[in-house]
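**Q** Sequence and computational prediction follow.
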Amino acid sequence: MYNYDVVIVGAGTAGTYFALLLAKRGVKVLVIDKDAEKDLAKRLDIFHFTSESFAEFNLEESKEGDPEFVSKFSYCYSRSALDNYEKKNFLEVHVMHLPLFIKRLRNLAIKEGAKFQFETTFADLIYDKDNRISGIKTSKDEEIRSRLVVDASGIPSVVRRKVSDPYIENWPIGPRDKFYVFLKYVLLDDPKITIDRSISWPYYKGWIAPQQSKGGAIVGVGANLSTDYARKCMKKFEDSIPLPKYTLQYEEWGATPYTRPPFSFVTDGFLVIGDAACLTKPMNGEGITSAWVQSTPAADVVAYALKDNKYPTKEALWKINYLYQTKEGAEFAGLRALLVGAVAMSKEDNDYLYANGIIFKSDDEEVKGSVAGNLIKGVLKRKFSYSALSKLLKASNTGTKLTIHYKRYPLTPEGYFKWKKKALSLWEKVGSMADNITDAEE
Ligand SMILES: Cc1cc2nc3c(=O)[nH]c(=O)nc-3n(C[C@H](O)[C@H](O)[C@H](O)COP(=O)(O)OP(=O)(O)OC[C@H]3O[C@@H](n4cnc5c(N)ncnc54)[C@H](O)[C@@H]3O)c2cc1C
């Protein structure tokens with residue numbers, strides 16, 4: 001009755017890597033994508049991948065001479081809003097071409113037996129006689145029967161949004177829930193300047209990073225609401241921070257989810273992964289390896305749930321929720337809440353945090369006293385505003401509560417609705433990055 005054990009919708013980094021993991025476990029898997037193979041992932045060229053991730057996710061390290069390889073750097077720098085302070089953190093990063101990296105993953109998955117079908121658009125779910133998800137229908141009316149359907153379609157979340165089930169939240173990822181990312185590929189006018197590292201200014205959600213052209217760089221910002229607003233934020237960033245003079249090569253646009261993940265990733269016959277599950281890092285919106293953290297144990301759970309031709313019920317898949325939410329989910333929930341409070345402040349307040357190693361801290365920096373004590377000291381010396389202090393303490397307090405709550409994620413579906421009710425009330429207190437925007441209409 002089934003053509004495949006699993007059909008994955010979306011052949012980006014999330015869907016392709018998950019297909020590789022499943023195929024390695026002997027699962028019969030098909031990945032479909034609406035795009036032609038030659039156009040896949042063309043929306044984004046250069047991306048960053050921490051070097052330790054190759055070993056963590058069992059991939060051979062990309063090296064000079066490989067088609068996807070561009071360069072490597074070892075430190076990330078972050079600077080304060082008034083550009084007075086810099087923090088240096090060790091992080092070895094590979095700079096690579098995304099479409100070629102995905103091609104490498106795809107070849108690995110194909111070698112393990114995974115199948116790929118391009119120019120195939122998901123249209124709807126199909127159900128069996130017991131009303132359980134049992135495959136998909138494409139826009140050409142082709143029916144592909146499978147015991148599990150995986151949504152890896154990125155921000156459009158095309159499958160998750162069609163699921164009608166109390167365990168699945170089918171909201172769209174709207175303009176307030178994502179960052180529009182505006183990248184300028186540029187050539188620096190001064191040939192003596194080389195951008196060989198990533199420097200970010202979190203206050204502006206702006207950065208400068210290396211790219212493949214000699215003497216080139218990428219200048220980027222991320223902003224909620226719209227591409228127009230992102231363009232405006234880019235101007236504000238460049239008016240405030242003295243970047244090296246440059247000539248524009250071309251612009252690139254993208255978007256990354258910036259909201260909490262759904263509370264459950266699974267229900268009967270269904271799993272959501274990657275950007276469709278909003279698994280991006282709260283600190284910078286990167287989403288490739290943070291999504292793979294969920295995929296790695298999920299592949300074991302799925303392979304086991306499908307064993308002996310069983311149908312993968314939500315009970316059998318639930319461990320995917322539990323393992324993710326109690327670890328990375330708990331950490332990111334707390335951090336996301338804290339960051340919403342940390343960006344709601346003036347440039348002077350932001351500089352005070354940098355000056356005193358609060359939140360923004362170099363690896364080798366020793367900070368005396370507690371965070372709260374140092375913030376209160378700043379208020380008493382009139383170097384840090386009371387309103388920023390109260391927002392930050394509130395955000396930190398809610399963040400801590402969220403982390404604790406996520407660590408208590410229910411082991412089985414039974415406790416889910418009670419857990420969800422409390423989680424919702426905590427998230428209501430957090431609000432969104434978009435709540436801090438006051439100049440959108442200026
Ligand atoms: C400008 C920018 C820079 C970034 N830089 C980094 C970085 O340096 N490091 C990092 O880790 N992350 C980075 N990210 C985030 C990262 O790119 C994403 O988190 C990641 O690519 C998401 O992968 P995905 O497979 O979940 O989704 P996607 O890459 O969006 O893939 C989804 C796939 O589903 C297909 N699809 C959609 N609808 C359908 C349909 N109806 N039927 C069939 N197929 C469909 C699409 O064609 C697409 O191929 C960046 C994001 C942006 C925008």
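**A** Now that the structure is in, tell me what you want to look at.

**Q** Could you list the domains of this structure?
**A** 4-75+87-171+259-315, 176-257, 334-436 (automatic domain parsing).

**Q** Remind me what the strand or helix carrying Val186 packs against, helices and strands.
**A** Using DSSP states H and E, Val186 maps to strand 178-188. Strand 178-188 sits against strand 216-223, helix 227-240, strand 246-257, with contacts defined as 3 or more CB pairs under 8 Å, 6 or more residues apart in numbering; DSSP states H and E. C-beta here means a position set from N, CA and C on the backbone, and glycine is covered the same way.

**Q** same thing but at 10 Å, please
**A** strand 206-209, strand 216-223, helix 227-240, strand 246-257 (3 or more CB pairs under 10 Å, 6 or more residues apart in numbering; DSSP states H and E).

**Q** For the third one, which outside residues touch it?
**A** To tie it back to what came earlier, the one meant is helix 227-240. Helix 227-240 has contacts (CB atoms under 10 Å, 6 or more residues apart in numbering) with 81-83, 175, 179-184, 201, 203-208, 219-226, 243, 251, 253, 255, 347, 434, 437, 439-442.

**Q** Buried among the residues you listed? Need that as a selection in ChimeraX.
**A** Of the contacts of helix 227-240, the buried ones go into a single ChimeraX selection, burial set by 16 or more other CB atoms under 10 Å:
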select :81,82,179,180,181,182,183,184,201,203,204,205,206,207,208,219,220,221,222,223,224,225,243,255,434
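
**Q** ok, which of the contacts of helix 227-240 also contact the ligand?
**A** Residues of these in contact with the ligand (CB under 6 Å from any ligand atom): Val181, Leu183, Ala255.

**Q** Quick check: the last one touching Leu183?
**A** This means Ala255. No - Ala255 is beyond contact range of Leu183, at 11.7 Å (criterion: CB atoms under 10 Å).

**Q** between the two, what contacts are shared?
**A** Gly222.

**Q** sec struct for Ile155, please.
**A** With DSSP: H, G, I helix; E, B strand; the rest coil as the basis, Ile155 sits in coil.

**Q** I'd like the distance between it and the ligand.
**A** 6 Å (CB to the nearest ligand atom, to the nearest Å).

**Q** gap between that residue and Pro257?
**A** 6 Å (CB to CB, to the nearest Å).

**Q** Just want to know which of the two has more residues nearby.
**A** Set Ile155 next to Pro257 and count neighbours by other CB atoms under 10 Å: Pro257 wins out with 22 against 18.

**Q** So the more buried one versus Leu339, what's the distance?
**A** Pro257 is 15 Å from Leu339, by CB to CB.

**Q** What of Gly135?
**A** 40 Å.

**Q** Could you list which residues are in contact with the spatially closest residue to Asp151 that is not a sequence neighbour?
**A** Nearest non-adjacent residue to Asp151, counting by CB to CB, 6 or more residues apart in numbering: Val159, 3.6 Å away. Shown in contact with Val159 (CB under 10 Å, 6+ apart): 7-10, 122, 124-125, 133, 136, 149-153, 168, 170, 270-272, 276.

**Q** Show me just the buried residues among these.
**A** If we count by 16+ other CB under 10 Å, the contacts of Val159 have these buried: 7-10, 122, 125, 133, 136, 149-153, 168, 270-272, 276.

**Q** Can you narrow those down to the ones near the ligand?
**A** Val9, Gly10, Phe122, Ala152, Ser153.

**Q** now, the most widely separated pair of the residues you listed?
**A** Spatially, the most separated pair among those is Phe122 and Ala152, at 10.5 Å (CB to CB).

**Q** so what's in contact with these two at the same time?
**A** Common neighbours of Phe122 and Ala152 (CB under 10 Å, 6+ apart) are Val9, Gly10, Ile32, Asp33, Val159.

**Q** Could you tell me the phi and psi values at the nearest residue to the second one once chain neighbours are set aside?
**A** It refers to Gly10. Leaving aside its sequence neighbours, Gly10 sits nearest to Ala152 (CB to CB, 6+ apart; 3.7 Å). Backbone torsions for Ala152, taken as degrees, to the nearest 10, come to phi -130, psi 40.

**Q** who's in contact with Ala152?
**A** Contacts of Ala152 (CB under 10 Å, 6+ apart): 8-19, 31-33, 159, 271-277, 291, 295.

**Q** Just the ones of these in helices?
**A** Thr13, Ala14, Gly15, Thr16, Tyr17, Phe18, Ala19, Ala291, Ser295 (DSSP state H).

**Q** overlap between these and the residues near the ligand?
**A** Near the ligand, by the rule CB under 6 Å from any ligand atom, you find Thr13, Ala14, Gly15, Ala291 out of the ones in helices among the contacts of Ala152.

**Q** now, which of these sits nearest the ligand?
**A** Ala14 (3.4 Å; CB to the nearest ligand atom).

**Q** Do I have it right that that closest one meets Val150?
**A** Yes - judged on CB under 10 Å, Ala14 makes contact with Val150 at a distance of 8.9 Å.

**Q** Quick check: residues of this structure near the ligand?
**A** 9-15, 32-35, 40, 44, 47-48, 121-122, 152-154, 156, 158, 181, 183, 254-256, 274-275, 280, 286-289, 291.

**Q** Report the buried members of the residues you listed.
**A** Buried among the residues of the chain next to the ligand (16+ other CB under 10 Å): 9-15, 32-35, 40, 44, 47-48, 122, 152-154, 156, 158, 181, 183, 254-256, 274-275, 280, 287-289, 291.

**Q** and Lys319, what is it in contact with?
**A** Lys319 neighbours (CB under 10 Å, 6+ apart): Val266, Pro297, Ala298, Asp300, Val301, Tyr304, Ala305, Leu411, Thr412.

**Q** which non-adjacent residue is nearest the first one?
**A** Right, the one you point to is Val266. Leu317 (3.9 Å).

**Q** Run a quick neighbour tally on that neighbour.
**A** Neighbour tally, Leu317, other CB under 10 Å: 24.

**Q** wait, Ile193 sits on Tyr246?
**A** Yes - judged on CB under 10 Å, Ile193 makes contact with Tyr246 at a distance of 9.4 Å.

**Q** got any residues that touch both of those two?
**A** In contact with both Ile193 and Tyr246: Gly215, Ala217, using CB under 10 Å, 6+ apart.

**Q** more crowded one of these two?
**A** Set Ile193 next to Tyr246 and count neighbours by other CB under 10 Å: Tyr246 wins out with 20 against 12.

**Q** Settle this for me: that one is touching Asp190, isn't it.
**A** Yes - with contact defined as CB under 10 Å, Tyr246 reaches Asp190; the gap is 9.1 Å.

**Q** Quick check: neighbours shared by these two?
**A** Gly215.

**Q** Check which residues of stretch 366-375 are buried.
**A** So stretch 366-375, judged by 16+ other CB under 10 Å, has buried residues Val371, Asn374, Leu375.
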